[in-house]
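Student: What would the 3D arrangement of this be:
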Amino acid sequence: MSIKMVALDLDGTTLNSNHELTDRTRKALEAAAEQGVYIVVSTGRSFNSLPPVIKTIKGLAFAITSNGSHINMVSTGESIYDDYIHPDNIERIIELADKHNCGLEVFVDGQAYIDEATYNDIKENGSPFRNAEYVLWSRKPVPDIGELLRENMHKVENCNFCFDGVEHLETARADITSVPNAQVTSSFANNLEIGGSNTSKKTALIELMKRLDIDKSELMCCGDAPNDIQMLELAGIGVAMENGWGGIKEHADYVTASCDDDGVAKAIEKFVLKK
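Tutor: So this is what the prediction gives:
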């Protein structure tokens, strides 16, 4: 069957390592859209953290954000589907961040928030494991991240535990993955993210395909990280990036070039545009 929907992770996938959308990738996406293919962003970012250049892609109508917590209309930001963290888990999340002495970021209403002290430290000293410029642009600092969580406990999209090293992360993994009625994943090597009981890019894609009457055999997905694995397994064609990590290549039907070598464009040209 022909591909009718292409779902794309952003960082390390559609965007290169400088967080840029190349001309070749844009042209491939827009050419596919002109053929009637739905182009869908499927990202761990909150809606307000989408880079402005992504919203300029002609034919891009939908964005799956916060690892599947929302399906947003790109033109308006309106959410047409949501799956929030269960309110009963909020106090446990606060306790775990304190117990393991790690950074905690919270996504609410499409906005990513960060503790003010952490924000200022990154502003002054940078970060050894994250793009400081992206963090400072996309995160809004608040005096007390725990208070923010409690005030918004019924509409928390995602909680992102950030660690200063993989060994530190592993000391917390068992505690975080034991949180009930929650999905836990990673979008980069130094983090663990908690979502709602059904939150995943896969679940959001199933909902969107149902609305658009598209079969999973007509879906192509591209990704580079563990939070992309389920959607690659769902797709008729699951594409992993050459720079992919966390075992994602083992779950792919095809491995394309890296994000710095127009891997997404090459996959679309091969499987959708048939070049």
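Student: Bridged to residue 139, which residues?
Tutor: residue 112 (DSSP bridges).
Student: Please renumber the chain so that the first residue is 32 from this point on.
Tutor: New numbering, starting at 32: the last item is residue 170.
Student: That one contacts residue 138, doesn't it?
Tutor: No. Counting by CB atoms under 8 Å, residue 170 sits too far from residue 138 to count as a contact (9.9 Å). Using the backbone N, CA and C atoms, a C-beta is placed for each residue, glycine as well.
Student: which residues are common contacts for the two?
Tutor: residue 144 (CB atoms under 8 Å, 6 or more residues apart in numbering).
Student: Compare these two (neighbour count), which wins?
Tutor: residue 138 (30 against 23; other CB atoms under 10 Å).
Student: Quick check: the more buried one is in a strand.
Tutor: Yes. Judged by DSSP: H, G, I helix; E, B strand; the rest coil, residue 138 forms part of a strand.
Student: My read is that it contacts residue 101, right?
Tutor: No. Counting by CB under 8 Å, residue 138 sits too far from residue 101 to count as a contact (9.3 Å).
Student: Spell out the residue ranges of the strands in the protein.
Tutor: With DSSP state E, the ranges of strands along the chain come out as 36-39, 69-73, 91-96, 101-104, 110-113, 134-139, 142-146, 170-173, 187-193, 214-216, 222-226, 250-254, 268-271, 285-286.
Student: residues touching the spatially closest residue to residue 63 that is not a sequence neighbour, list them.
Tutor: For residue 63, ignoring the flanking residues on the chain, the nearest one in space by CB to CB, 6 or more residues apart in numbering is residue 303 at 4.8 Å. Residues in contact with residue 303 (CB under 8 Å, 6+ apart) are 34, 37, 63, 66, 68, 251.
Student: Show me which pair in the residues you listed is furthest apart.
Tutor: 66 and 251 (12.9 Å; CB to CB).
Student: ok, the two, which is more surrounded?
Tutor: With neighbours defined as other CB under 10 Å, residue 66 and residue 251 compare such that residue 251 has more, 25 against 13.
Student: hey, what's the more buried one bridged with?
Tutor: Counting by DSSP bridges, residue 251 forms beta bridges with residue 37, residue 268.
Student: Tell me the confidence at it?
Tutor: What the model reports for residue 251 is a pLDDT of 98.
Student: Please tell me how far it sits from residue 217.
Tutor: 23 Å (CB to CB, to the nearest Å).
Student: Same question for residue 233.
Tutor: For residue 233, the distance to residue 217 (CB to CB) stands at 15 Å.
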